[in-house]
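K.L.:
no FASTA, just this:
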């Protein structure tokens, strides 16, 4: 009891030990204020944290809300796809090729529950599916398999509605060609992965786009369009007239080019049969060859223009000279004759307009074999041409030039070259004597002058313009008179080459060409048309170039001159040349 009493006695009225000093009312007030301040700070910090957190969430919601709405087909924006291709435009800004957004169907086999059921459902939307191949893919242990590339939005929507687990869509780009086959051999096409594999599409990849695609890089902005030298209006006229000629003359093929002689720009180029680059599998057919640049042919009498220019430019032959074109030339077991021989001495202009094989051969013989070969090489007719288009063939020539080779080559047999090279060399004969590499991209006259190579004298070019006009003037008896167009001074040279059948030349199977330029007094354009294996037109008994290729060129010039900016002229400006010099 004592101890308990002592303990009780030591307790203060406030219940604290008598050994501890009691706090005053002011001290208790300070403690309460300090504790209140701490609580308030904690509340402020908590409110601030909640405010920041929900502000971030709100900002993200606003950001998502401001995005472009999803399309019905759920295709991602263009800048989220694999690297796109630049648009291809003609010289006037018309679209030749562009990208459109699409999707492709894929499967994750490891997530497929029932492969047979998935195939049955997919077949309701894609009835042409390879069932066996798709079953093999869906039954594999892989994590990814392509099922169908480049679906339409309708197909995607229908497949989405099926709700098949393990089936998905990947956004891609698809190349679209609004003009279809109009410029197919120039524009080219892409493969299923949107990579250029032909024409200017392949050229664009070669400028660095292909490396970016191979690296899997993406782009955040539209690529700058690539403008070509083509004029879509001229291209349409050219293709339309070639198609009409094929049908009219029952030919197996036809091709042509419109070339600016001052810049080397290809304004139009077509080869028929062609294909639709929207369905590039057509390009694999063997008759879809680009005959203008990827095929080599004996160009026939069009080569007489180069032989005549060579003879005049050498100084060994004058425009006033004459040659014996009577009879024939016998050499190496072969007989050289004229198709419609005059059987008399012919002047140089007469040799040209009457297309005399004998007279042309005698001019080539005066120049000699080394000079002949050197001249054709100088004009670029014996070597592979350099231009942007990938499909360029290498000419064929004899491994050893003998006299018989030089004679036959003088009138277009024995050397095979591309029609485009023939047009480029002809442009040099027309523009004052400068060889300019062809281009499928815009090029100014100033830029062309920097790369132009003089190949003949200006005086020789003047003579050739006169001879070409004389040959295409009505009433002159020239083989190109059917190319004449009222209001335009047209010059040209025909070429009717016999094709080799079973190792021998056949007079019944021909490769016809007409090489022309206009306005011929100061040419701006060369137009070349070739028609492969034409048949006689109804009511005709022959199928020479003067009867089919020449009038086709005339129709092209008549319809396209306005687009090319060439104005017609009448009256005194259209006086014809005479045979006298």
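P.N.:
Ah, there it is. It should be emphasised that the depicted structure is a prediction, and the values quoted were computed from it without experimental measurement.

K.L.:
Could you point out the helix or strand that follows the longest strand belonging to the chain?
P.N.:
Secondary structure assigned by DSSP state E gives strand 504-518 as the longest strand of the chain. Proceeding N to C from strand 504-518, the next assigned helix or strand is strand 525-532, under DSSP states H and E.

K.L.:
Would you mark the buried spots in the helix or strand following that following strand?
P.N.:
Using DSSP H and E, the helix or strand that follows strand 525-532 in sequence is helix 545-564. By 16 or more other CB atoms under 10 Å, the buried positions in helix 545-564 come out as 545-561, 563-564. Where C-beta positions appear, they are placed from N, C-alpha and C, glycine not excepted.

K.L.:
Helix 545-564 packs against which elements?
P.N.:
Counting contacts by 3 or more CB pairs under 8 Å, 6 or more residues apart in numbering; DSSP states H and E, helix 545-564 is packed against helix 232-248, strand 253-260, strand 491-501, strand 504-518, strand 525-532.

K.L.:
Just put these in TSV and tack on mean neighbour count.
P.N.:
Formatted as TSV, the helices and strands packed on helix 545-564 follow (neighbours: other CB atoms under 10 Å):
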stretch	mean neighbour count
helix 232-248	20
strand 253-260	26
strand 491-501	24
strand 504-518	22
strand 525-532	28
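
K.L.:
looking at the ones you listed, which is closest to residue 151?
P.N.:
helix 232-248 (30.1 Å; CB to CB).

K.L.:
List the contacts of the closest one.
P.N.:
Taking contacts as CB atoms under 8 Å, 6 or more residues apart in numbering, the residues outside helix 232-248 that touch it are 90, 92, 94, 96, 179, 181-183, 186, 251, 253-258, 267-270, 272, 274, 529, 531, 534, 537, 548-549, 552, 555-556, 559-560, 563-564.

K.L.:
any idea of the angle that helix forms with strand 253-260?
P.N.:
Angle, helix 232-248 to strand 253-260, by axes from the mean of the first three to the mean of the last three CA atoms, to 10 degrees: 150 degrees.

K.L.:
residues in contact with the residue nearest to the spatial centre of the chain?
P.N.:
Among the residues of the chain, residue 187 comes closest to the average C-alpha position under CA atoms, centre = their mean, at 2.2 Å. By CB under 8 Å, 6+ apart, the contact set of residue 187 is 88, 96, 97, 177, 199, 200, 201, 228, 277.

K.L.:
Counting only helices, which of the residues you listed make the cut?
P.N.:
199, 200, 201 (DSSP state H).

K.L.:
Of the helices and strands packed on helix 545-564, which is nearest residue 327?
P.N.:
Here strand 504-518 is closest among these (CB to CB), at 19.9 Å.

K.L.:
where do the strands sit along the stretch 251-400 of the chain?
P.N.:
253-260, 266-272, 322-324, 329-331, 334-336, 345-347 (DSSP state E, counting those that start in this stretch).

K.L.:
As JSON lines, the ones you listed with distance to residue 39 would be great.
P.N.:
Shown next, in JSON lines, are these (distance: least, CB to CB, whole Å):
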{"stretch": "strand 253-260", "distance to residue 39": "88"}
{"stretch": "strand 266-272", "distance to residue 39": "85"}
{"stretch": "strand 322-324", "distance to residue 39": "121"}
{"stretch": "strand 329-331", "distance to residue 39": "120"}
{"stretch": "strand 334-336", "distance to residue 39": "118"}
{"stretch": "strand 345-347", "distance to residue 39": "120"}
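
K.L.:
Identify whichever of these lies nearest to residue 143.
P.N.:
strand 266-272 (45.3 Å).

K.L.:
okay, the angle between that closest one and strand 525-532?
P.N.:
Going by the same axes, to 10 degrees, strand 266-272 makes 10 degrees with strand 525-532.

K.L.:
average pLDDT for strand 266-272?
P.N.:
When pLDDT is averaged along strand 266-272, the result is 98.

K.L.:
got it, and stretch 229-242?
P.N.:
98.

K.L.:
Also stretch 112-129?
P.N.:
Mean predicted lDDT for stretch 112-129 stands at 87.

K.L.:
Just give me how far that stretch sits from the chain centre.
P.N.:
Offset of stretch 112-129 from its chain centre (CA atoms, centre = their mean, to the nearest Å): 39 Å.

K.L.:
Go through that stretch and flag the buried ones.
P.N.:
112, 115, 118, 119, 121, 122, 125, 126, 129.

K.L.:
now do stretch 451-462
P.N.:
452, 455, 456, 460, 461.

K.L.:
Pull the contacting residues for the first one.
P.N.:
This points to residue 452. 434, 435, 436.

K.L.:
could you redo the last one with a cut-off of 6 Å?
P.N.:
Contact analysis of residue 452 by CB atoms under 6 Å, 6 or more residues apart in numbering lists 434, 436.

K.L.:
and it, what pLDDT?
P.N.:
pLDDT at residue 452 comes out at 97.

K.L.:
how close does it get to residue 424?
P.N.:
12 Å (CB to CB, to the nearest Å).

K.L.:
ok, residues contacting the one helix or strand residue 175 maps to?
P.N.:
Assigning secondary structure by DSSP H and E places residue 175 in strand 167-176. Residues outside strand 167-176 that contact it (CB under 6 Å, 6+ apart): 75-76, 81, 84, 98-100, 102-104, 106-107, 150, 156, 190, 194.

K.L.:
averaged over its residues, what pLDDT does that strand have?
P.N.:
Strand 167-176 comes out at a mean pLDDT of 87.

K.L.:
Residue 290 versus residue 185, what's the distance?
P.N.:
In terms of CB to CB, residue 185 sits 4 Å off from residue 290.
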